[in-house]
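1. build the 3D model from these lines:
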Amino acid sequence: MTVVLSGCAKRSINGDLDGQWQIMKIEYTDGSVATPERTYYCFFLHTINLRSVGGPSIAGNFTYKGDDIKIEFPNGNVENLKLYGINGTAVDFKIRALSSSKMTLQSDYAIIDFRKF
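-> As a prediction, the model looks like this:
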């Protein structure tokens, strides 16, 4: 029975990237810094969910190849996305660091530091 049930579960395809990440700091290109509380990115398979306690939850799709993550939010609102360090409905991130517990992403708008939650 265990073999049958485990065969139906979706497995991680993105290695250390998959999971829930808490934003620890956002450093914007203008030099300003934000430390949003209880704000998260959740990567799984080809989907991303951004959520903040008391704030909007936004779903999108992403592709991950090498050190590049390309994300699109088909129903995203730019003003809501800014809470997450994103300034448009499509964003390209370069992975500056990624381990099982810490990640740093960089776009042309911000550098975002995370811890795995």
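2. alpha carbons only for contacts and neighbour counts from here, please
-> Will do.
3. residues near the closest residue to residue 105 other than its chain neighbours, how many?
-> On the basis of CA to CA, 6 or more residues apart in numbering, the spatially nearest residue to residue 105 that is not a chain neighbour turns out to be residue 95, at 4.8 Å. As a burial measure, residue 95 scores 19 neighbours (other CA atoms under 10 Å).
4. touching the strand or helix carrying residue 95 from outside, list them.
-> Counting by DSSP states H and E, the element that carries residue 95 is strand 90-98. For strand 90-98, the surrounding residues in contact (CA atoms under 8 Å, 6 or more residues apart in numbering) are 16-17, 67-73, 103-107.
5. what comes up buried for it?
-> Neighbour-count burial for strand 90-98, with 16 or more other CA atoms under 10 Å as criterion, is recorded at 90, 91, 92, 93, 94, 95, 98.
6. just checking: what are the partner strands of that strand?
-> strand 68-72 (antiparallel), strand 102-106 (antiparallel) (DSSP bridges).
7. how close does the closest residue in space to residue 72 that isn't next to it in sequence get to residue 60?
-> The spatial neighbour of residue 72 that comes closest, neighbours along the chain excluded (CA to CA, 6+ apart), is residue 90 at 4.4 Å. Relative to residue 60, residue 90 is positioned 9 Å away (CA to CA, to the nearest Å).
8. who touches both of these two?
-> Overlap between the neighbourhoods of residue 90 and residue 60 consists of 71, 72, 73, taking contacts as CA under 8 Å, 6+ apart.
9. give me the pLDDT value at the last one.
-> You'll see residue 73 listed with a pLDDT of 98.
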